[in-house]
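Novice: coords below, sequence missing:
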């Protein structure tokens, strides 16, 4: 009997490993990496402990994990694109079921009906939330969804220029620029006004007829609610596509993109039943008007009937996808974040219309209470005057304090402070972006303000 591998997690025996090496013509694992220059390869062993008994290993990992700050022990006021919303317990339970957790891509509908139906329900609810006609089966994240929307617009309009508001999430703008650079698309940014929303005068001055699209986020990166009706009117007058980046939770109380003339609605779906998870994986949602269905990236699940007249689900309009007609593909994305989309689906089902609206209202009430309470400390001034949803921006007016110092001292009190906007915006060096979700309590908000008051 062959000697088994020393690792309980790698099932290959040394004999099997030797056989595989012989098959590829190598004498050792190291030889597999011969094509990588020796100058960039690590010469010494990794500085990690050796093998441990399971009990000691678990204890060691717990010690390491305890060094991390987590939202179970700390009150989190940091948002900036990833939000500490409550995730109902049923979501984790459902995601852990084998038929979902281990499901592979549903190319064979006859054995993938459950997965396909779950995706179909997700698409349906995204359409109900945004008011759009059709949704795809989700994207990698909100940033890639926005970039794909720009590509769609430029391909449709046969133009190579797009306008992007600077009040959009900075990382989303970076992803858009990366996509654009390799598709010969020129990206022009529109500045934001003193109110913290897209500057209409700057927009009007730049928006000529050779632009394919305008993309605006609302609530934007500063938490401000944009005048999307006017953005839509300006865009339609230039015969361009209007792309709206939206927070799905806000759509429980704010006007949906379809009602202000958006051609495409995209966004980050993390707020819907997905944990912070150290930054991912998340999911991007992408919805559009019926006219754009055949140009949409990713996959779409459709409902049909079989030869017996029974309802069934299939991947539809696949001619758009890279794996069908690669030379005519409208996108390089041909998959989706199915498990994350399932979490969003379960969340929307569990919450329902009333529950989602209650969460949105709690966010507004608690955010405005935090805003007034922090202004009451005397340490801050309002950065902008535009209405806001679950985030707001303050300017530090105490000359003895900086945003980084405030966050450092809050962390000592088990409070995760807001985002330092000066990292991405040179003209907002002393600005602090604070997020307040339904999870934050009055006691936590009061403790935040009192801690800052005593600085």
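Specialist: Arrived safely. Predicted model only: the values in this text are computed from it and were never measured.
Novice: Show the backbone phi and psi for the closest residue to residue 243 other than its chain neighbours.
Specialist: With CB to CB, 6 or more residues apart in numbering as the criterion, residue 243 has its nearest non-adjacent residue at 4.0 Å, and that residue is residue 215. For glycine as for every other residue, the C-beta is placed from the backbone atoms N, C-alpha and C. Residue 215 has phi and psi values of phi -120, psi 130 when expressed as degrees, to the nearest 10.
Novice: By mean pLDDT, which helix or strand of this structure comes out lowest?
Specialist: helix 98-101 (a mean of 87; mean pLDDT, DSSP states H and E).
Novice: what about that one, distance to the chain center?
Specialist: For helix 98-101, the separation from the chain centroid amounts to 23 Å (computed by CA atoms, centre = their mean, to the nearest Å).
Novice: ok, now stretch 59-70?
Specialist: When C-alpha coordinates are averaged (CA atoms, centre = their mean), stretch 59-70 and its chain have centres 26 Å apart.
Novice: so how far does that stretch reach from one end to the other?
Specialist: The distance separating the two terminal residues of stretch 59-70, taken as CA to CA, to the nearest Å, comes to 18 Å.
Novice: any idea which helix or strand comes after the least confident helix or strand of the chain?
Specialist: helix 113-130 (DSSP states H and E).
Novice: can you list contacts of the least confident helix or strand of the chain?
Specialist: Helix 98-101 has contacts (CB atoms under 8 Å, 6 or more residues apart in numbering) with 94, 95, 114, 115, 118, 339, 342.
Novice: re earlier: would you mind measuring from the residue nearest to residue 243 to residue 347?
Specialist: Distance from residue 215 to residue 347, counting by CB to CB, to the nearest Å: 26 Å.
Novice: which one of those two has more residues nearby?
Specialist: With neighbours defined as other CB atoms under 10 Å, residue 215 and residue 347 compare such that residue 215 has more, 29 against 25.
Novice: Residue 246 is in contact with the more buried one, correct?
Specialist: No. Counting by CB atoms under 8 Å, residue 215 does not reach residue 246; the two are 11.3 Å apart.
Novice: quick check: longest helix of this protein.
Specialist: helix 338-375 (DSSP state H).
Novice: buried stuff in that one?
Specialist: Within helix 338-375, the residues that count as buried by 16 or more other CB atoms under 10 Å are 338-349, 351, 356, 359-360, 362-364, 366-371, 373-374.
Novice: Output the below-cut-off pLDDT ranges for the stretch 201-350 of the chain.
Specialist: Along the stretch 201-350 of the chain, segments meeting pLDDT under 70 span 319-328.
Novice: Spell out, range by range, the helices that occur in it.
Specialist: Listed in chain order, the helices found in the stretch 201-350 of the chain under DSSP state H, counting those that start in this stretch are 228-237, 338-375.
Novice: ok, and the closest non-adjacent residue to the residue most central in space within the chain?
Specialist: Nearest residue to the geometric centre of the chain (CA atoms, centre = their mean): residue 268, 3.4 Å. Leaving out its chain neighbours, the residue that sits closest to residue 268 by CB to CB, 6+ apart is residue 142, at 3.0 Å.
Novice: mind checking how far that neighbour is from residue 81?
Specialist: Taken as CB to CB, the span from residue 142 to residue 81 is 8 Å.
Novice: Which neighbours do those two have in common?
Specialist: Among the neighbours of residue 142, those also in contact with residue 81 (CB under 8 Å, 6+ apart) are 169, 268.
Novice: Looking at these two, which has the bigger crowd around it?
Specialist: residue 142 (28 against 22).
Novice: now the strands for the stretch 51-200 of the chain?
Specialist: Secondary structure of the stretch 51-200 of the chain, counting by DSSP state E, counting those that start in this stretch: strands at 75-76, 134-135, 161-165, 186-190.
Novice: List the pairing partners of the first one within its sheet, with orientation.
Specialist: Looking at strand 75-76 with DSSP bridges, its partner strands are strand 415-416 (parallel).
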